[in-house]
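In: here's my sequence, what's the structure:
(2 chains)
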Amino acid sequence: MIKVTLKDDVVKEFESGISAADAAKSLGMGLYKSACVCKVDGAVCDLRTVLDKDCHLEILTFDSNDGKKAFWHTTSHILAQAVKRLYPSAKFAIGPAIDSGFYYDFDVEKPFSPEELEKITAEMKKIVKEGFEVEKFMLPPDEAVKLLEDMDEPYKVELCREHSDKGEDISFYKQGEFTDLCAGPHLMSVSPVKAIKLTACTGAYWRGDSKNHQLCRVYGVSFPKASQLEEHLKMLEEAKLRDHNKIGRELEYFTTVDYVGQGLPVLLPKGARVIQLLQRWVEDVEQSKGCQLTKTPLLAKRDLYKISGHWDHYRDGMFVLGDADDETKECFALRPMTCPFQYQVFLNKQRSYRELPMRLTETSTLFRNEASGEMHGLIRVRQFTISEGHYIIRPDQLEEEFKGCMELAKYFLDTVGLLEDCTFRFSQWDPANPSNKYEGTAEQWEAAQAAMKRILDNIGLEYEIGFDEAAFYGPKLDIQYKNVFGKEDTIVTIQIDMLLAEKFGMYYVDKDGQKKLPYIIHRTSLGCFERTLAYMLEHFAGALPMWLMPEQVRVMPLSENLADKAKEIESKLLAAGIRVTTDLRSEKIGYKIREAQLEKIPYMLVIGNKEVEEGTVSVRSRKNVNLGAMPVEDFIKMAKDEIDSKKRD
RNA sequence: GCUGGAAUAACUCAGUUGGUAGAGUACCUCACUCGUAAUGAGGAAGUCGAGGGUUCAAGUCCCUUUUCCAGCUCCA
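Out: Now for the predicted structure:
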C-alpha cells in the first residue's frame, strides 16, 4: 500500500501500482470523468501514470491551465488524425497546445481553404464519436526513428533524431489508426472533446525559421461543452469591440490612406490631441526628474550610422535617401533611433565626471522600414514618436540611474493605466547568434548582463528571460504589453550599453584626471506615443481618462432658444481650461446624449429652463449615471479635480 | 518578405449560374422646440480599391498591383 496525499492534505491509501486515473475514479465518478491530467509531486503527467510510492496527487480538470493544455493537445492530435484521413499525403510537423487553444503544422500541397477546414472539423467530430482510447507506448531511439521512417514522416524523423541523442526511450501516443511522436501528456480518450472550432489556417515556417519551408498551420480551440465554445466565441467578439484598430478609426483618432502608404497612419485631431497631451506631460515630468530636453535632426549622412554600427546592422530597416552603394555621392538616411544624434550633445565639449549623470531626453520621431507584413494599426508603424533618452553615466552610477529609469517608466505606465497588465523581459544576447548580430566581447556582455541581473534582483522584479532578444550593443529590460488579441509587444525598454561610447569617442575626465568611458543607458519612459494610445484605447474601450479626452464636456441645451445660456456655460468651462463643446442642434435630448455616450464624452451638461432658473447644470457622466443638478462652479471644481488628479475610471 | 482572407455610398453591409448598383446609419433640407442612449418627411450621395484581360455584356471570371485584417518571420 502507498499513501497518497490529495487536495487539502487528505491522505488516502491505495494499492501500489494503481494508475492516477483509477485513483481519481475511487475519489468520485464526476472527478474521474472531468479529469484531464494530474500532478504527481508537482509534476504534470498523464492520468496513465502508475503510482508506486507515497506521493502528492492532484487531479486536474479543464478548469486548470494544465488540464486545458492537455485537452487542447489531444484535440490537436484529433485534428492531425482527421487531416491524415482526408489528405493521406500530408506530412506532419508539430502540434502543441498554446495559451488560447492549439495548432498543428502540416506540409500539404495547398493550404486548406475555409471550406476544407469545415470538412476537417466534421471529420474531427466523427473521430470523437468513434471514441478511441488514447494509448501511450515507448520505443528505444533507433526503433522510434525506424517507425517514423516507415510512416514516411520526415519532419518527425528529424525531431525524433534530436531526442534520441539523449539515449532515452521515445514516447508515442496512439488513438485508433493514428500514431504520433509526442511527449504528452494527453487525455485518456478522445471522447471528452465535444466542441471544436478551427479558427484559422495560416503559413508558418518549419522550426520558426524563414529560410525553411513554409508549412500550413491550422489553429483551433476546443471545449468539453458546446456552451463553453459559444461563450469563448462571444468573448472573442467582445475583444474585437475593444480593438484599437476598430474603435480608433470609428472614434476618429486615426485613419489610413492607400496612397500615403503602409504603416503611416494619419492622426486625426482627436488622436493628435491625446498624443500632444501625453508628450507635454512626459516632457514636463522628465525635466522635473533632471532630464535635459534635446532636439536633434530627423536625418543624417550615412557616415553617422556607420560609426554607430546601424549602417551595417540595420540598413535594410532604414529609409535611405540617395544611392546607398555610391560612396562618391552624399547619401542620407532617416533616423531609426536617436542614439548617435543625442551623443553629439555630450560630445559638444569636454566633459567632467562632475557633469554625470547627464540625462538627455528627446521627443523623437523615428523611421523604420518594417517589412510589409508587419504593420498593425497604431501598434506597428513605419514612423512613430517616442520619448527616447540616453543617460550618460559613470559606472558607479549605473544601479541608481537604472532604478530611476524603472521608477519613471512605472510611474508613467501606472498613470495611464497600463502597468498592471505589463510583464517584464530581461532580453539577453545569444553568443552563438548565427547572423552575428551582437557586437563587443563576451566579457563586456557578461559584465553588462551581470550588472542588469544584479539590479533587477535587488529591486525584486519578477521577469522572464528573453534569450537572443538583446540589442546589438547590450542587454535590455523590456516592458511588454499584450493587445486585445493576446499579441505581445514592447511598450518600454531600458538598455545598458557598454559599447557605443567607445565608438563615438565619448570620454569624460574623472577625478584622477584620467579620460574614461562612460556607460550609457538607453531608455524610453512611455513607449512610443502611437502605441501607447492604441493600448489605452483598448484598455479603456475608448473611454480614456478625462485628462486625456480630446473633448471632456459637452453642453446640451434642451431647445434652441436656450442656446445663449448654453454658450454662456460653455465659456465658463473654457475659461477654467476644460475642453468643452456645445450641441446646438435641434435634436431631442435623448439623441444628443446617445451620441455623446457613443463618443465616450466624460460629462454631459443638460440645460433646460429649470437649470436656467436655478442657475445650475444637470450633470450626466458617461458611466450612465445622472448626477443631478449642481451649480456650474461646483461642476467645474469637480471636473478640474478629476483632470488634475489624472484619475482613471 | 511569406501563407490565407478581404476591399461595393462617409460608416456597417446585401448584391443568385456574368444581364439597368441596393438597405440601414450618417450627411443635407424642411417641419417639430423637445427632460437623460435613436422625432418625422423629403433629398443628395457610388469610376464597385487601381490597372489590364476574357466577353455582345464584368461588382461578379482571369492576371497584375495597392491597402486593410489574421498568422509566420522580423522588431535598433
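In: tell me the secondary structure at A:Arg648.
Out: coil (DSSP: H, G, I helix; E, B strand; the rest coil).
In: from the middle of its chain, how far away would the longest helix belonging to chain A be?
Out: In chain A, with assignment by DSSP state H, the single longest helix is helix A:65-86. Distance, stretch centre to chain centre, for helix A:65-86: 26 Å (C-alpha atoms, centre = their mean, to the nearest Å).
In: tell me the mean pLDDT over that helix?
Out: Averaged over helix A:65-86, pLDDT sits at 94.
In: at contact distance from RNA strand B, anything in that helix?
Out: No. Residues of helix A:65-86 contacting RNA strand B under C-beta under 7 Å from any atom of the strand: none, with a closest distance of 14.6 Å. In short, each C-beta sits where N, CA and C put it, glycine included.
In: ok, the following helix or strand past that helix: who's next to it in the sheet?
Out: The element immediately downstream of helix A:65-86 (helix or strand, assigned by DSSP states H and E) is strand A:91-92. Taking DSSP bridges as the criterion, strand A:91-92 sits next to strand A:101-107 (antiparallel) in its sheet.
In: the longest helix of chain A vs strand A:101-107, what angle?
Out: 30 degrees (axes from the mean of the first three to the mean of the last three C-alpha atoms, to 10 degrees).
In: please identify the buried residues of helix A:65-86?
Out: A:66-85 (16 or more other C-beta atoms under 10 Å).
In: how about stretch A:579-594?
Out: A:579-584, A:589, A:592-593.
In: residue of the stretch 201-350 of chain A closest to RNA strand B, please.
Out: Closest to RNA strand B within the stretch 201-350 of chain A is A:Gly317: 2.2 Å, counting by C-beta to the nearest atom of the strand.
In: count the neighbours of that residue for me.
Out: 14 (other C-beta atoms under 10 Å).
In: wait, isn't it in contact with A:Arg368?
Out: Yes. Counting by C-beta atoms under 8 Å, A:Gly317 touches A:Arg368, with 5.4 Å between them.
In: what is in contact with those two at once?
Out: Common neighbours of A:Gly317 and A:Arg368 (criterion: C-beta atoms under 8 Å, 6 or more residues apart in numbering): A:Pro336.
In: residues from the stretch 351-500 of chain A in reach of RNA strand B?
Out: Counting by C-beta under 7 Å from any atom of the strand, the residues of the stretch 351-500 of chain A near RNA strand B are A:368-377, A:380, A:437, A:469, A:471-472, A:485-487, A:489-490, A:493.
In: if we go to 6 Å?
Out: A:368, A:371-377, A:471, A:485, A:487 (C-beta under 6 Å from any atom of the strand).
In: which single one of these is nearest to RNA strand B?
Out: Distances from RNA strand B to these, taken by C-beta to the nearest atom of the strand, are shortest for A:Gly373, at 2.2 Å.
In: residue contacts, the closest one?
Out: So A:Gly373 contacts nothing (C-beta under 8 Å, 6+ apart).
In: how about it, secondary structure?
Out: coil.
In: report pLDDT for it.
Out: pLDDT for A:Gly373: 89.
In: from A:Leu304, how far out is it?
Out: To A:Leu304, A:Gly373 is 30 Å away according to C-beta to C-beta, to the nearest Å.
In: could you do A:Met604 as well?
Out: A:Met604 is 53 Å from A:Leu304, by C-beta to C-beta.
In: neighbour-wise, which of those two wins?
Out: A:Met604 (24 against 20).
In: ChimeraX command to pick out the buried ones of the residues of the stretch 351-500 of chain A next to RNA strand B?
Out: To isolate the buried ones among these in ChimeraX, judged by 16+ other C-beta under 10 Å, type:
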select /A:368,375,376,377,471
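In: and the furthest pair within the residues of the stretch 351-500 of chain A next to RNA strand B?
Out: Using C-beta to C-beta, these reach their maximum pairwise distance at A:Ala471 and A:Phe485, which is 26.7 Å.
In: and A:Arg594, how far from RNA strand B?
Out: Distance, A:Arg594 to RNA strand B, by C-beta to the nearest atom of the strand, to the nearest Å: 3 Å.
In: just A:Ala20 next, same as before
Out: Counting by C-beta to the nearest atom of the strand, the gap from A:Ala20 to RNA strand B is 33 Å.
In: got a list of what that residue touches?
Out: With C-beta under 8 Å, 6+ apart, A:Ala20 has these contacts: A:38, A:40, A:45-51, A:57, A:59.
In: do A:Ser76 as well
Out: A:95-97, A:102-104, A:220.
In: switch the buried residues of stretch A:579-594 over to JSON lines; also include secondary structure, pLDDT and distance to A:Lys476.
Out: Listed next are the buried residues of stretch A:579-594 as JSON lines, based on DSSP: H, G, I helix; E, B strand; the rest coil; pLDDT from 0 to 100; distance: C-beta to C-beta, whole Å:
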{"residue": "A:Arg579", "secondary structure": "coil", "pLDDT": "97", "distance to A:Lys476": "37"}
{"residue": "A:Val580", "secondary structure": "strand", "pLDDT": "96", "distance to A:Lys476": "43"}
{"residue": "A:Thr581", "secondary structure": "strand", "pLDDT": "94", "distance to A:Lys476": "43"}
{"residue": "A:Thr582", "secondary structure": "strand", "pLDDT": "94", "distance to A:Lys476": "49"}
{"residue": "A:Asp583", "secondary structure": "coil", "pLDDT": "93", "distance to A:Lys476": "48"}
{"residue": "A:Leu584", "secondary structure": "coil", "pLDDT": "91", "distance to A:Lys476": "53"}
{"residue": "A:Ile589", "secondary structure": "helix", "pLDDT": "94", "distance to A:Lys476": "53"}
{"residue": "A:Lys592", "secondary structure": "helix", "pLDDT": "94", "distance to A:Lys476": "49"}
{"residue": "A:Ile593", "secondary structure": "helix", "pLDDT": "95", "distance to A:Lys476": "48"}
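In: return the member of those residues nearest to A:Glu231.
Out: A:Ile593 (31.9 Å).
In: show me what the most centrally placed residue in chain A is bridged to.
Out: Central residue of chain A (C-alpha atoms, centre = their mean): A:Glu488, 1.8 Å from the mean position. Beta-bridge partners for A:Glu488, by DSSP bridges, are A:Lys482.
In: gap between it and A:Glu462?
Out: A:Glu488 sits 16 Å away from A:Glu462 when distances are taken as C-beta to C-beta.
In: dump the contacts of A:Ser76 into CSV; add neighbour count and distance to A:Leu526 as well.
Out: Converted to CSV, the contacts of A:Ser76 look like this (neighbours: other C-beta atoms under 10 Å; distance: C-beta to C-beta, whole Å):
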residue, neighbour count, distance to A:Leu526
A:Gly95, 23, 40
A:Pro96, 14, 35
A:Ala97, 21, 35
A:Phe102, 25, 36
A:Tyr103, 24, 34
A:Tyr104, 26, 40
A:Gly220, 23, 37
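In: farthest pair in these?
Out: The span of those, defined through C-beta to C-beta, is set by A:Pro96 and A:Gly220 at 12.1 Å.
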